[in-house]
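Engineer: The following comprises the amino acid sequence and a computationally predicted model.
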Number of protein chains: 4
Amino acid sequence: MDRRTFLLQAVTASFVTGVASQVSATSYFFQPAVDQLLFDGINRVKDHAKKTGLEKSHSPAILAPISAKSGEPFTVEIMVGENLHPMGPSHWIEYIELSIGNEPAGRLEFQSRGFMKPKAVFTIAIPKDAAPSGKITLVARQRCNLHGLWESSADISIT
Amino acid sequence: MDRRTFLLQAVTASFVTGVASQVSATSYFFQPAVDQLLFDGINRVKDHAKKTGLEKSHSPAILAPISAKSGEPFTVEIMVGENLHPMGPSHWIEYIELSIGNEPAGRLEFQSRGFMKPKAVFTIAIPKDAAPSGKITLVARQRCNLHGLWESSADISIT
Amino acid sequence: MDRRTFLLQAVTASFVTGVASQVSATSYFFQPAVDQLLFDGINRVKDHAKKTGLEKSHSPAILAPISAKSGEPFTVEIMVGENLHPMGPSHWIEYIELSIGNEPAGRLEFQSRGFMKPKAVFTIAIPKDAAPSGKITLVARQRCNLHGLWESSADISIT
Amino acid sequence: MDRRTFLLQAVTASFVTGVASQVSATSYFFQPAVDQLLFDGINRVKDHAKKTGLEKSHSPAILAPISAKSGEPFTVEIMVGENLHPMGPSHWIEYIELSIGNEPAGRLEFQSRGFMKPKAVFTIAIPKDAAPSGKITLVARQRCNLHGLWESSADISIT
């Protein structure tokens, strides 16, 4: 009797966790083959003065004002790649999402058909009480089916 | 004059790219305060024999068969937490998503109102040519608004 | 000069609002060709005693208990089609969503690659104050890229 | 034995369709009370020369060029309401989505917390072979939790 079948019989709840210890991040069975390291965590630009090619093509670029008045709408533009990342059935950006600190604000989801470019413009307004310190952090994330999850962020003042 | 102020004055549109180098992960302005380290990467159970409380309550548990026939549907059940994680406006699971290796398959998105429990059952079928090695890796991810992104995975054989 | 051309010349941004009156539902330019009438509204089974083929293959089937205790979790299973609808890049179910009355509860989004079957199992719990009348309506919706939006519903008692 | 329990026992597949005939659109149990008629179909502006208040506040306004070159990116701006619709936990716009004819292109999903305004800017490019007739229809949809699904559309030429 293998371990999972055993667990299935042993537990009342009749479920087993699949996070079995034999699975490690280095043994994922990916199709197609990708660089496994990119899927281990959240990718960010390491040195802004010396970006790698992958960082240039995948890090979300955030276009936002330095400061905004509380309650007043402003736009946050997020682009994937300094030159826009390609979009097509075999290689595409699944979504661009924006959080205000750890609070999710919205997510633009793309179909893989390729009509859309990986660029989003969000219009947001921050109430005074959401920025008690006078600052918030805009956090932009995107996921590429071949190159994993990427994040960048920018602090802005709320006056 | 810092770089962003300079840009702000230089461009007509009065916007700046925010991926400025002065922003580091340790200076996010979160509201409410959370453990910043949880937002630095993808959280996974470190030692399955000795899970922490946070790992028990946030790691996606995967219930899946050990092997499946190619082309035949089977279910993959994913639960957030050994006891289901609470759901409500101030603390909730935003989504549960399933990928087949690096290929996204589907995502169950929850409203924060709290009607839904953080549990998903997906019915999937893997064609032969998607598992050339005879194995695939099921990758389950969820994100909690206060405790970040969590992932677990399980390999299954496709015969 | 039509209204849009006029606006085009009048505004600096060289863009126009497209909700112009000359566009009617019967003139959509679809690719590929589909039955336009299916996209005019929300499709529902017209006569449960005599379902059409399209109704059988597209109406969401809801499996749910007749009554549930307030606060206690129960499952709601939703399938697209009495025999599951096919899933593939050219014809697929984009999502299955569940609302509690008019309140959205969750949405399962599918990729068009075809790994997933159009079936969802949601686990929900209804607090007493969300069912002041002692009843709620489960509303299931799905959208097919070729056959439009479909809805079905079921009332259940909350005791 | 009630009808659904009976069905549960009678069918091999052990599920029942919940679209039981006793449920009609006029008997939904909504919480809070809303105008049921708005949830019966897809709402559109009826007479562009004489919009009602609800049409003004809920119909998606599309800002797009009259024509575009195939393969060249252009922006499509979609706003909910001539004056932007309010966003907050009890009344909000769940999403704005854009389709190219019947083909979904992308969807911007909003959290109900209220940081975001119901406005989206999509950047799209239409390949020649997706517009064999030389025209495409942009279809914008949004759903309001209290006032249902709304759609508007605009034809543009692809040269």
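Structural biologist: Okay, I see it.

Engineer: Could you list the domains of chain A?
Structural biologist: Per automatic domain parsing, the structural domains of chain A span A:1-30, A:36-158.

Engineer: Minimum distance to D:D35: which of those domains has it?
Structural biologist: Between D:D35 and the domains of chain A, the shortest separation by CB to CB is 26.8 Å, and it involves domain A:36-158. The way it works is simple: take the backbone N, C-alpha and C, and place the C-beta from them, glycine included.

Engineer: That closest one close to chain D?
Structural biologist: Yes: with CB under 8 Å from any CB of the partner chain as the criterion, chain D is reached by domain A:36-158 at A:73, A:84, A:100, A:103-111, A:113-117, A:119-127, A:130.

Engineer: Also near chain B: which of these, exactly?
Structural biologist: A:100, A:103-104, A:130.

Engineer: Which residue comes closest to A:A105 once chain neighbours are left out?
Structural biologist: D:F115 (4.4 Å; CB to CB, 6 or more residues apart in numbering or on different chains).

Engineer: actually A:P60, not the one I wrote
Structural biologist: Using CB to CB, 6+ apart, the closest residue to A:P60 is A:A140 (3.9 Å).

Engineer: How about the contacts made by the one you found?
Structural biologist: A:60, A:62, A:76, A:78, A:96-98, A:151-153 (CB atoms under 8 Å, 6 or more residues apart in numbering or on different chains).

Engineer: Show me those that map onto strands.
Structural biologist: When those are checked against strands (DSSP state E), the matches are A:60, A:62, A:76, A:78, A:96-98, A:151-153.

Engineer: Now for those, which sits with the most neighbours around it?
Structural biologist: Most neighbours among the ones in strands among the contacts of A:A140, by other CB atoms under 10 Å in any protein chain shown: A:P60, with 27 neighbours.

Engineer: Next one, pLDDT for it please.
Structural biologist: Note on A:P60: pLDDT of 97.

Engineer: That one contacts A:M79, doesn't it?
Structural biologist: Yes: counting by CB atoms under 8 Å, A:P60 sits close enough to A:M79 to count as a contact (7.0 Å).

Engineer: So which residue is smack in the middle of chain A?
Structural biologist: For chain A, the residue whose C-alpha lies nearest the mean C-alpha position (CA atoms, centre = their mean) is A:R141; its distance is 2.9 Å.

Engineer: Name the helix or strand for it, please.
Structural biologist: Assigned by DSSP states H and E, A:R141 belongs to strand A:135-144.

Engineer: Please save the CA atoms from that strand in PDB.
Structural biologist: Provided in PDB are the C-alpha atoms of strand A:135-144 (Å, rounded to 0.1, in the frame of the first residue of the first chain):
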ATOM      1  CA  LYS A 135       2.700  57.000   2.100                       C
ATOM      2  CA  ILE A 136       1.500  53.900   0.300                       C
ATOM      3  CA  THR A 137       3.300  51.300  -1.800                       C
ATOM      4  CA  LEU A 138       2.000  50.500  -5.200                       C
ATOM      5  CA  VAL A 139       2.800  46.800  -5.900                       C
ATOM      6  CA  ALA A 140       2.600  45.600  -9.500                       C
ATOM      7  CA  ARG A 141       2.800  41.900 -10.400                       C
ATOM      8  CA  GLN A 142       2.600  40.000 -13.600                       C
ATOM      9  CA  ARG A 143       3.000  36.300 -14.500                       C
ATOM     10  CA  CYS A 144       4.500  35.000 -17.700                       C
END
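
Engineer: tilt between that strand and strand B:135-144?
Structural biologist: 160 degrees (axes from the mean of the first three to the mean of the last three CA atoms, to 10 degrees).

Engineer: next one: strand A:135-144 to chain centre, how far?
Structural biologist: Its chain's C-alpha centre and that of strand A:135-144 lie 7 Å apart, by CA atoms, centre = their mean, to the nearest Å.

Engineer: just curious, which of the contacts of A:A140 is nearest to chain D?
Structural biologist: Chain D lies nearest to A:L98 out of the contacts of A:A140, by CB to the nearest CB, at 8.0 Å.

Engineer: State the number of residues packed around the residue in chain A positioned nearest to chain D.
Structural biologist: In chain A, the residue that lies nearest chain D is A:V121 (3.6 Å; CB to the nearest CB). Residues lying near A:V121 (other CB under 10 Å) number 19.

Engineer: What are the buried residues along stretch A:123-133?
Structural biologist: With burial defined by 16 or more other CB atoms under 10 Å in any protein chain shown, the residues of stretch A:123-133 counted as buried are A:123-126, A:130-131.

Engineer: Of all the residues in chain A, which one is nearest chain B?
Structural biologist: Using CB to the nearest CB, the single residue of chain A nearest to chain B is A:A154, 2.5 Å away.

Engineer: Surely that residue touches A:A64?
Structural biologist: Yes: counting by CB under 8 Å, A:A154 touches A:A64, with 5.8 Å between them.

Engineer: distance between stretch A:76-94 and the chain's centre?
Structural biologist: Computed by CA atoms, centre = their mean, the chain-centroid distance of stretch A:76-94 equals 12 Å.

Engineer: quick revisit: pick the one among the buried residues of stretch A:123-133 closest to C:P32.
Structural biologist: For these, the nearest to C:P32 is A:T123 (34.2 Å; CB to CB).

Engineer: a strand runs through that closest one, doesn't it?
Structural biologist: Yes: the assignment for A:T123, made by DSSP: H, G, I helix; E, B strand; the rest coil, places it in a strand.

Engineer: Give me the nearest residue to it, chain neighbours excluded.
Structural biologist: D:K117 (4.0 Å).

Engineer: where's the one you found, which helix or strand?
Structural biologist: strand D:116-124.

Engineer: now do A:L54
Structural biologist: Remark: A:L54 resides in helix A:53-58, with elements defined by DSSP H and E.

Engineer: buried residues in that helix?
Structural biologist: For helix A:53-58, by 16+ other CB under 10 Å, it's A:54-55, A:57-58.

Engineer: coming back round to it: how much space separates the residue nearest to A:A105 from B:I156?
Structural biologist: Counting by CB to CB, to the nearest Å, the separation of D:F115 from B:I156 is 40 Å.

Engineer: Same check on A:F39?
Structural biologist: A:F39 sits 18 Å away from B:I156, going by CB to CB.

Engineer: And A:Q142, by the same measure?
Structural biologist: Using CB to CB, one obtains 29 Å as the distance from A:Q142 to B:I156.

Engineer: When these two are compared, which one has more neighbours?
Structural biologist: Ranked by neighbour count (other CB under 10 Å), A:Q142 and B:I156 place A:Q142 first, with 29 against 23.

Engineer: confidence score at that one?
Structural biologist: 98.

Engineer: what separates A:A61 from A:K50, distance-wise?
Structural biologist: According to CB to CB, A:A61 stands 16 Å off from A:K50.

Engineer: Looking at these two, which one has more neighbours?
Structural biologist: The neighbour count for A:A61 versus A:K50, taken as other CB under 10 Å, is higher for A:A61 (19 against 8).

Engineer: Okay, and the beta partners of that one?
Structural biologist: Residues in a beta bridge with A:A61, per DSSP bridges, are A:M79.

Engineer: go on, A:S157?
Structural biologist: A:S67, A:K135.

Engineer: Does it touch A:G134 like I think?
Structural biologist: Yes: A:S157 is within contact range of A:G134, at 6.0 Å (criterion: CB under 8 Å).

Engineer: who's more crowded, these two?
Structural biologist: A:S157 (15 against 12).

Engineer: Contacts only, for the more buried one.
Structural biologist: Contacts for A:S157 (CB under 8 Å, 6+ apart) come out as A:66-68, A:134-135.

Engineer: can we see that at 10 Å?
Structural biologist: A:65-69, A:131, A:133-136, B:29 (CB atoms under 10 Å, 6 or more residues apart in numbering or on different chains).

Engineer: for A:P89, same thing?
Structural biologist: Taking CB under 10 Å, 6+ apart, we find A:P89 in contact with A:111-114, A:145, C:89, C:112-113.
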